[in-house]
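Trainee: The following comprises the amino acid sequence and a computationally predicted model.
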Amino acid sequence: MENNYVVIKCGGSVFEQLPHSFYQDIVTIQEQGEWYPIIVHGGGPLISKLLDQTGVQSTFVDGLRVTTEEVLDVVEMALSGAMNKGIVRNIAQLGGKGLGISGVDTQLLTAEPVDPTGKLGYVGKVTEVNKDILEQMASQGLIPIISPIAMDNYGQRYNVNADMAASSIAESLHAKLCFISDIDGIYEEVNGEKHVFHQLNEQEITTLIERKVISGGMIPKVNAAIQALKHHVREVSIVNGMEQNGLLQFMQGKMIGTRINLDKEVKSI
Ligand SMILES: Nc1ncnc2c1ncn2[C@@H]1O[C@H](COP(=O)(O)OP(=O)(O)O)[C@@H](O)[C@H]1O
Ligand SMILES: CC(=O)N[C@@H](CCC(=O)OP(=O)(O)O)C(=O)O
């Protein structure tokens, strides 16, 4: 029988504001034993801050950071260093056993360039996940905390968007996937007021991207969600990390944030 995994993607947008209860929810899920939590984190704002401090400009194409070797150094330092170990510490303070690794360790994530013409530089997309190592960690009561740096077979590093890394990992484990971000869900502004969509399907998402209602960092997130649902991921939602017990509500199947579906109907899981 297949194990039950939940991949929790923790966005850099919300990292600084995450309440204590967010980490407690993860430790609780792990202790209850029915689901194995796996954390994948971003850290876009920290990378941008460090690049600013070193005088290197960041440019984004459809939410993906154009990445030179110089940018890669900063990305790896920020993600596999400060961000990763910060989350490990927060989990440890609650008695959880977080093990922080990047996609480079144990060749967890193999990647190739997203854009073969080279316009995005060293931005990778995951071609293979070494899921055995995640299964071993989970079975030993460890919570994997993954920084989305990947490597190809020649040792070249890649900067992988954390939403895309989370979706590839969730696909390999046929997991549930929860994107923790800084918004109550995908919204549209109508007369200056934010209207949150509780559910969206692929067609609706395509229209919202064309209408530029969905933009920036939300583009890789929704594309990763759709990709995941097409490849064995059981359920995908975008949830505000500041929502008290938002993650537990997601696990209980409650309607929270924006639930993404391939078609109109919500499938029963
Ligand atoms: N339609 C939309 N609904 C909600 N957020 C959106 C939308 N379009 C763009 N965004 C932006 O996407 C951001 C979340 O993506 P991102 O900054 O990559 O966050 P994270 O670090 O959590 O992955 C929101 O803070 C918001 O600025
Ligand atoms: C290729 C690419 O864009 N990589 C991202 C990796 C970090 C990330 O995805 O962080 P968030 O989850 O906070 O957005 C970046 O360089 O910002």
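Mentor: On my side now, so go ahead. Numbering: from 1, shown residues only. Ligands and ions are numbered 1, 2, ... in the order given.
Trainee: Tell me the spacing between Phe15 and Val126.
Mentor: For Phe15, the distance to Val126 (CB to CB, to the nearest Å) stands at 22 Å. C-beta here means a position set from N, CA and C on the backbone, and glycine is covered the same way.
Trainee: Tell me how many other residues surround Thr68.
Mentor: Neighbours of Thr68 under the rule other CB atoms under 10 Å: 11.
Trainee: scratch that, Lys119 is what I was asking about
Mentor: Close neighbours of Lys119, defined as other CB under 10 Å, add up to 11.
Trainee: Next up, the contacts around it.
Mentor: Val61, Val66 (CB atoms under 8 Å, 6 or more residues apart in numbering).
Trainee: confidence score at it?
Mentor: Among the per-residue scores, Lys119 shows a pLDDT of 93.
Trainee: Give me the three-state assignment for it.
Mentor: coil (DSSP: H, G, I helix; E, B strand; the rest coil).
Trainee: Quick check: Gln199 vs ligand 2, distance?
Mentor: Separation of Gln199 from ligand 2 (CB to the nearest ligand atom, to the nearest Å) stands at 23 Å.
Trainee: Same question for the nearest residue to that residue once chain neighbours are set aside, what's its three-state structure.
Mentor: Using CB to CB, 6 or more residues apart in numbering and skipping the chain neighbours, the partner closest in space to Gln199 is Arg259 (4.9 Å). Judged by three-state DSSP, the three-state class of Arg259 is strand.
Trainee: Arg259 pairs with what?
Mentor: Counting by DSSP bridges, Arg259 is bridged to Gln199, Ser237.
Trainee: So it versus Lys176, what's the distance?
Mentor: In this structure, Arg259 and Lys176 are separated by 11 Å, where distance is defined by CB to CB.
Trainee: same question, Gln107
Mentor: 25 Å.
Trainee: go on, Tyr23?
Mentor: In this structure, Tyr23 lies at 18 Å from Lys176, with CB to CB as the measure.
Trainee: neighbours around the residue in the stretch 51-200 of the chain positioned nearest to ligand 1, how many?
Mentor: Here the residue of the stretch 51-200 of the chain nearest ligand 1 is Ser181; by CB to the nearest ligand atom that distance is 3.4 Å. Ser181 sits with 26 neighbouring residues when counted by other CB under 10 Å.
Trainee: ok now do it, which residues does it touch?
Mentor: Under the criterion of CB under 8 Å, 6+ apart, the contact partners of Ser181 comprise Gly11, Ser13, Val14, Lys221, Ile238, Val239, Asn240, Gly241.
Trainee: Keep only the residues you listed that also lie close to ligand 2.
Mentor: Applying CB under 6 Å from any ligand atom, the subset of the contacts of Ser181 adjacent to ligand 2 comprises Gly11, Ser13.
Trainee: quick one: which of the contacts of Ser181 is nearest to ligand 2?
Mentor: In terms of CB to the nearest ligand atom, no member of the contacts of Ser181 lies closer to ligand 2 than Gly11, at 4.4 Å.
Trainee: Compute the number of surrounding residues for the closest one.
Mentor: 24.
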